[in-house]
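Trainee: turn this into a structure:
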Amino acid sequence: MKTRIALPLSVLWIVLGLVFGVQITNAQNTPVAASQSEPVLSGNGLKSEEVIMKTDAIFVGEITQMGFPSIKAVGRLSYYKNKVKVLQILRGTIEPQIKVTIYLYSVSDISETQPNIGTAYIFFIKKNDQGTFDPYTALKLLPATDTNITKVKKLIAAAPVSK
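Mentor: Now for the predicted structure:
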């Protein structure tokens, strides 16, 4: 009985992987195409200057576990239950280990890339309402380079105080 159920489920995962371009067996470390100089990350269409005012916290963090993918709308892939270790808080307050929803968009010629486990990113996050999958949603991710961290710190210092 169990083998009859296991076979259709494994076929379903393979089909989903092919349809959505997700590498099921290695989803956490999908390599960036060699032709790209930098990956296109979540929230790439949002300017840091504008998204800063919409965030509850900004921090440098490392994804320790990639969550599960889900498609709720055409052109948008959602990853829920991503575990993130907070390395450095740039603005706001946040726990040392959190769960974050990450949305990836694929529109026209731009396709956002899944972030990698073990890589540091700057997270611009918004607190979610009670009853959602995760307590936070990432509005934007940036590579956590020294240059980007310095730029974000300057933007935070220049931004008007909100709330």
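Trainee: secondary structure class for the residue nearest the centre of the chain?
Mentor: Among the residues of the chain, residue 102 comes closest to the average C-alpha position under CA atoms, centre = their mean, at 3.5 Å. At residue 102, secondary structure determined by DSSP: H, G, I helix; E, B strand; the rest coil is strand.
Trainee: lowest-pLDDT helix or strand in this structure?
Mentor: Here the helix or strand of the chain ranked lowest by mean pLDDT, DSSP states H and E is helix 2-20, holding a mean of 46.
Trainee: immediately after that one, which helix or strand?
Mentor: Scanning forward in sequence from helix 2-20 by DSSP states H and E, the next helix or strand is helix 48-51.
Trainee: for that next one, packing partners?
Mentor: Using 3 or more CB pairs under 8 Å, 6 or more residues apart in numbering; DSSP states H and E, the elements in contact with helix 48-51 are strand 136-143, helix 146-158. Glycine gets a C-beta too; all of them are placed from N, C-alpha and C.
Trainee: run the angle between the longest one and strand 136-143 for me.
Mentor: Helix 146-158 and strand 136-143 meet at an angle of 130 degrees, taking axes from the mean of the first three to the mean of the last three CA atoms, to 10 degrees as the criterion.
Trainee: that older thread, ok, now which ones touch the residue nearest to the centre of the chain?
Mentor: Taking CB atoms under 8 Å, 6 or more residues apart in numbering as the definition of contact, the neighbours of residue 102 are 42, 67, 78, 79, 82, 115, 137, 138, 141.
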